[in-house]
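1. 3D model of this:
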Amino acid sequence: MEIDTREMNELLELSRENNKMLRALRRSQRVSSILTVLYWAVILGSIFGVYYYFQPTIQKYTKTIKSSFDFLQSIEGKAGAIPTDVQTLKNLVGM
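-> Numbering: from 1, shown residues only. Sure thing, here's the model as predicted:
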């Protein structure tokens, strides 16, 4: 069974068309990968940029919160000493 020139030309044309489509698919896949990387770079970069911009404010608030917790702990520690102070006061007054 021999393939005549018409069928050979048809196969050649189909192969070229197939090759064009495969190259276009590969090119679009590369572009999509590059855009995905750029997308995530912009998102992560903006997150770090916002943190860098607001870092002094964030540090100020964390310092305030830490000092508030320290103050509450000191009050809690002093509240535990109140009953003994009241007893000492009663002894001084003579009750």
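
2. pull the number of nearby residues for Val31.
-> When neighbours are defined as other CB atoms under 10 Å, Val31 has 10 of them. (C-beta placed from N, C-alpha, C; glycine too.)

3. what does the average pLDDT come to for the helix or strand that contains it?
-> Here Val31, judged by DSSP states H and E, is contained in helix 5-93. What helix 5-93 shows for mean pLDDT is 87.

4. what separation do you get for Ile34 and Pro56?
-> Between Ile34 and Pro56 the computed distance is 36 Å (CB to CB, to the nearest Å).

5. same deal with Lys20?
-> 57 Å.

6. may I see the buried residues of stretch 17-28?
-> Buried positions in stretch 17-28, judged by neighbour count with 16 or more other CB atoms under 10 Å: none.

7. off-centre distance for that stretch?
-> 36 Å (CA atoms, centre = their mean, to the nearest Å).

8. same question for stretch 8-26.
-> For stretch 8-26, the distance to the chain centre is 44 Å (CA atoms, centre = their mean).

9. tell me which residues are up against that stretch.
-> Ile3 (CB atoms under 8 Å, 6 or more residues apart in numbering).

10. how many other residues sit next to Gly49?
-> With other CB under 10 Å as criterion, Gly49 counts 10.
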